[in-house]
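Visitor: here is a sequence with its predicted model. Questions after.
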Amino acid sequence: MSQPTRILLALIAGLAIGALLAAYAPATALAAADIAQPIGQAWLNGLQMTIVPLVVALLITGVAATTEAAQAGRLAGRAIALYSVLMFLSAVAAALLTPLFLKLFPLPQESAANLRAALTGAGQIGPMPPLGEFLAAIIPANIVKAAAENAFLSLIIFALIFAFALTRVDDVMRKTMTGFFIALRDVMLVVIDWVLWVGPVGVFALAFVVGAKAGTGAFGALIHYILIVSAVGLSVSLFAYPAAVIGGRLRFLRFARAVLPSQAVAISTQSSLATLPVMVEGSSKIGVPVAVSGVTLPLAVAILRATGPAMNFAVAIYIAKWFGVPLTPATLALGTIVAMLTSLGSVSLPGTVSYISAIAPVASTLGAPVAPLGLLVAVETLPDIMRTVGNVTWDVAATAWLSRRTGKVPLDEADAMLAEHE
């Protein structure tokens, strides 16, 4: 049984047992919740203790790898530039769509209140300081203090400055420092694997507390969360079709047929890497030569997470709305940038790992608590399918666009040119 499946089953069991005890033995349920709560909090602390070093290491190694790839050739540079723009637009889409969906289909107030009460210690981080103070504090006077206070925006800016400065030093020193952060990243991933291995225990404890205090309403709230976040991912995925038609000059049905096998493999494997051979084959069906797809698609699998910024940002916005955190245009704009950067830094990580490392900084930027992530990660399996399907759809669409830009004429356009000569 896979790790995400074990965690999901632990969530269902914890919610069900907690809700049953709350219905038939309320006093026993509350007493048991008092015992389970420290267990769940300890597991959540285990996840949170890895976030700061992991985010810093991922950003520095991610910038180093992206810079190296961009220097490999003009096509690679164009691909990386396009992927960066797409990921930024993905985050913008979430900033617009998530509040809209939550306005059209709001979480029932009673369920939201019960869940807030059930998640002990998950209050919002605090009010945003005045704009002047906030902008001044973005550049940290003490990076250690910023790390201790989970000031993720300051940490991200420091990590980016450090990473770009690292590209300007001697090759030997750059490789030494990059190797250090690669080792730090890998060590943190091992620690997270250990924490996730005991995840069913922690998630069961957290879910039991929620079930005991919120009752059966917790199930409806989690379903509502899954539908909202998945709807944002689906919306971003659907934009790939007009992008392929307009940017790649392809007929809609030709692109849809070419990408369908990749989507099927993505659903079954939840892995963009496993879908790579099928994407190469699908790209050839729309006239993209292997000389192009052989460069752009591996880069897309390694760098582009088209649905990542949107769905990560959607989770953070959902938590903020859930806990009544006011969202201003300024905080949404900052969240957009952080969502794009953390998604770029967390590429090629397992879904359960990238979920925590990519969303926690965004939630903190909005002033929302990160504690709910320990519960929501248990239902990430279903949204993760949407993430992977959207990613591979955009990978193929972006490859068609790049093929046209490099002068490689897609099959549809070639057919039209032949028809004109005939």
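Guide: Nice, thanks for sending it over. Residues are numbered from 1 along each chain as shown.

Visitor: average pLDDT across the strand or helix carrying residue 190?
Guide: Residue 190 is part of helix 171-197, with elements assigned from DSSP states H and E. Here helix 171-197 scores 87 as its mean pLDDT.

Visitor: report all helices and strands that the following helix or strand past that helix contacts.
Guide: As assigned by DSSP H and E, the chain's next helix or strand after helix 171-197 is helix 199-214. The contact analysis (3 or more CB pairs under 8 Å, 6 or more residues apart in numbering; DSSP states H and E) places helix 199-214 against helix 3-24, helix 26-48, helix 109-118, helix 217-238, helix 373-376. All C-beta atoms are positioned from the backbone trio N, CA, C, and that covers glycine.

Visitor: render the CA-only coordinates of helix 199-214 in CSV, please.
Guide: In CSV, the C-alpha atoms belonging to helix 199-214 read as follows (Å, rounded to 0.1, in the frame of the first residue of the first chain):
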residue,chain,number,x,y,z
GLY,A,199,2.3,10.0,9.1
PRO,A,200,-0.7,7.6,9.5
VAL,A,201,-0.3,7.9,13.3
GLY,A,202,-0.1,11.7,13.2
VAL,A,203,-2.9,12.2,10.7
PHE,A,204,-5.1,9.7,12.6
ALA,A,205,-4.5,11.7,15.8
LEU,A,206,-5.2,15.1,14.1
ALA,A,207,-8.3,13.7,12.3
PHE,A,208,-9.6,12.1,15.5
VAL,A,209,-9.5,15.5,17.3
VAL,A,210,-11.3,17.1,14.4
GLY,A,211,-13.9,14.4,14.2
ALA,A,212,-14.5,14.5,18.0
LYS,A,213,-14.9,18.3,18.0
ALA,A,214,-16.4,19.0,14.6
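
Visitor: picking that back up, residue 100: which of the helices and strands packed on helix 199-214 is closest?
Guide: Closest approach to residue 100 among these is made by helix 217-238 (9.6 Å; CB to CB).

Visitor: contact partners of the helix or strand following the closest one?
Guide: Remark: after helix 217-238, the chain's next helix or strand is helix 240-247, criterion DSSP H and E. Contacts to helix 240-247, defined as CB atoms under 8 Å, 6 or more residues apart in numbering, come from residues 250-252, 255-256, 259, 306, 390, 393-394, 396-398, 400-401, 404.

Visitor: in helix 240-247, what counts as buried?
Guide: Within helix 240-247, the residues scored as buried using 16 or more other CB atoms under 10 Å are 240, 241, 243, 244, 245, 247.

Visitor: now do stretch 42-49
Guide: For stretch 42-49, by 16+ other CB under 10 Å, it's 43, 44, 46, 47, 48.

Visitor: kind regards, and thank you for your time.
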